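[1] Any chance you could fold what I've pasted below:
(2 chains)
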Amino acid sequence: MSLPADRAQIDDDGFRVSLEGATLPDFVQMECLAQSSRVFRVTSGHRIGYLFFNKGQMIHALTGDDVGEAAALEILKWRDGTVEPCSVGWPDTPTIHSTWQNLLLLSAQARDESGRHKLVSFPKNRAATVTTATGTLRSDMPKLAKREEPPMSAPPSSQSLSLAQFQAFVRLDPAGNVVSAKGDSEELAPVAAYTARLAELIGNMLGMEGFSSLECGFPNGRVFLHRERSGNLVALKVPADAEVGALRERFGV
Amino acid sequence: MITQILAGMRDVDGVHGSFVVTKAGALAGKDLPPMFDDAVLNEVGRRVVRLHEGLCADGDDFDHCVMRFADHKLYLRSVAHGFLCVLSTNGVNTPALKMALTLTSRRVDPLIAEAAASLASGTPSTAPRTSEVPPPPSGAPSRRQATYRGHRV
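    Here you go, the predicted structure:
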């Protein structure tokens, strides 16, 4: 991976850097800790993606197929390539609301579950030190990633179902406010809130307390609702061919 | 007849009972313990219809819906003329239940249509139902149909 000379065109001062053996999580961590505000083009083979940093947070990402968090996670999977600063247009609004620490955790989990690579592929001669979602430096990232609860902004199934498989995801607080959302969630949020309320009423009338989950199957997809212990409601829309066994197990439906 | 068909659902371990409602939400038949009175099931039916309308707001009809509660599950199967609703424990054998739902829904659907037609016209359905469906508002309640808190009077 290299960071070529274009950087000098954007920042007049500073070093020109070329790093062999670095990984994208390394790079993201470095830029965010430096409170960077700029755009990078990431090239890996025939794939091209863009990462947008603003004041030390990754706020937008773009690939050929995805935008936002899904694109960022896709880019973070890439094993080799080059990173160079560029000057493409900024988005009107951020498309990534998770912290960069959360993104790195999700990326690490995805790698862990793939079973093909190390959790975070830091160079062998470096201590594997990664900043966690709480901002503290830890050196036991592989174990930590398995123990940590998913962050509030992450879909509950991110441990078992790729984020890219969701058509839409939304988490609502008990008052119906959107806590986090991804994909085509504008229609999903009111449907989820209304359906969950009706399910609770139906359950109460039949003497069944404690609504926790709902699965609804359509010809072209499925909708899952899950009432978390916090009272938040999670709604997911997935395509019909998505593997949902882990979701069902987690939600108990 | 509807009750007899629905009784087959209880062959699956963990199924407490079932009931069917029309597309309008009216109770068309039930196979449930007496504590589930018809007034409650009619209200549940109307909410099932609203739930269906909410989930299917973009035009696609759902095939099935399962709700999980603390100790129970409620399965809904959408059929041409209504909904088949099954109450079960959380540990119910899901594949067996799905098979039973498929077979039962095929057999019960024509009878739901008859029940819906009879409810609309105010005449008794040709398919005898053992459930205590409330009388239509236009007709004078017969002695056989009168209920009080779910019990015939």
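[2] From here on, just use CA atoms for contacts and neighbour counts.
    OK.
[3] Quick check: chain neighbours aside, which residue is closest to B:V86?
    B:S18 (4.2 Å; C-alpha to C-alpha, 6 or more residues apart in numbering or on different chains).
[4] neighbours around that neighbour, how many?
    Counted by other C-alpha atoms under 10 Å in any protein chain shown, the residues lying close to B:S18 total 24.
[5] try B:D13
    Using other C-alpha under 10 Å, B:D13 has 15 other residues around it.
[6] same check, this time on A:G203
    Neighbours around A:G203, by other C-alpha under 10 Å: 22.
[7] What of A:W100?
    For A:W100, the neighbour count with other C-alpha under 10 Å is 25.
[8] Quick check: which ranges of the stretch 51-200 of chain A have low pLDDT?
    Applying pLDDT under 70 to the stretch 51-200 of chain A flags residues A:112-165.
[9] Would you mind listing what in it touches chain B?
    Contact residues (C-alpha under 8 Å from any C-alpha of the partner chain) of the stretch 51-200 of chain A with chain B: A:V191, A:Y194, A:T195, A:L198, A:A199.
[10] Need the max-distance pair from these.
    The span of those, defined through C-alpha to C-alpha, is set by A:V191 and A:A199 at 11.9 Å.
[11] Look at those two and report which has more neighbours.
    Neighbours around A:V191 and A:A199, counted as other C-alpha under 10 Å, are more numerous at A:A199. The numbers are 24 against 19.
[12] show me what contacts the more buried one?
    A:F211, B:L51, B:M67 (C-alpha atoms under 8 Å, 6 or more residues apart in numbering or on different chains).
[13] As JSON lines, the residues you listed with pLDDT and distance to A:N54 would be great.
    Formatted as JSON lines, these follow (pLDDT from 0 to 100; distance: C-alpha to C-alpha, whole Å):
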{"residue": "A:F211", "pLDDT": "94", "distance to A:N54": "41"}
{"residue": "B:L51", "pLDDT": "95", "distance to A:N54": "43"}
{"residue": "B:M67", "pLDDT": "96", "distance to A:N54": "43"}
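[14] can you put those in JSON lines and add distance to A:G14, neighbour count and secondary structure?
    Formatted as JSON lines, those follow (distance: C-alpha to C-alpha, whole Å; neighbours: other C-alpha atoms under 10 Å in any protein chain shown; DSSP: H, G, I helix; E, B strand; the rest coil):
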{"residue": "A:F211", "distance to A:G14": "57", "neighbour count": "23", "secondary structure": "coil"}
{"residue": "B:L51", "distance to A:G14": "60", "neighbour count": "21", "secondary structure": "helix"}
{"residue": "B:M67", "distance to A:G14": "59", "neighbour count": "27", "secondary structure": "strand"}
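[15] near chain A, which residues of chain B show up?
    B:36, B:40, B:44, B:47-48, B:50-51, B:54-55, B:60-72.
[16] one more time with 7 Å
    Neighbours of chain A within chain B, by C-alpha under 7 Å from any C-alpha of the partner chain: B:40, B:44, B:47, B:51, B:54-55, B:60-70, B:72.
[17] Buried ones only from these, please, as a ChimeraX command.
    Here is the ChimeraX selection string for the buried members of the residues of chain B next to chain A, based on 16 or more other C-alpha atoms under 10 Å in any protein chain shown:
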select /B:40,44,47,51,54,55,61,62,64,65,66,67,68,69,72
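[18] Now, the residues of chain B next to chain A that are in helices?
    Assigned to helices by DSSP state H, the following of the residues of chain B next to chain A qualify: B:V40, B:V44, B:R47, B:L51, B:G54, B:L55.
[19] Spell out the residue ranges of the strands in chain B.
    B:15-22, B:27-31, B:64-68, B:72-79, B:82-89, B:147-148, B:151-152 (DSSP state E).
[20] so which of the ones you listed is the most packed in?
    Ranked by mean neighbour count, the strands of chain B are led by strand B:27-31 with a mean of 29 (mean count of other C-alpha atoms under 10 Å in any protein chain shown).
[21] and the residue lying closest to A:L103 once chain neighbours are set aside, helix, strand or coil?
    Using C-alpha to C-alpha, 6+ apart and skipping residues adjacent in sequence, the residue nearest A:L103 is A:L73, 7.0 Å away. With DSSP: H, G, I helix; E, B strand; the rest coil as the basis, the three-state label of A:L73 is helix.
[22] Burial check on A:L73, number of neighbours?
    The tally of other residues near A:L73 (other C-alpha under 10 Å) stands at 21.
[23] so it makes contact with A:S107?
    Yes: the pair A:L73 / A:S107 is scored as a contact, 5.8 Å apart, by C-alpha atoms under 7 Å.
[24] Poorly predicted segments of chain B, please.
    For chain B, applying pLDDT under 70 flags the ranges B:123-153.
[25] Thought A:W100 was touching A:Q57, still the case?
    Yes: A:Q57 lies in contact with A:W100 (C-alpha under 7 Å); the separation is 6.0 Å.
[26] Which residues are in contact with each of those two?
    Overlap of the contact sets of A:Q57 and A:W100 (by C-alpha atoms under 7 Å, 6 or more residues apart in numbering or on different chains) is empty.
[27] returning to what we had before: could you dump the contacts of A:A199 into CSV and include distance to A:F52?
    Listed next are the contacts of A:A199 as CSV, based on distance: C-alpha to C-alpha, whole Å:
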residue, distance to A:F52
A:F211, 40
B:L51, 41
B:M67, 41
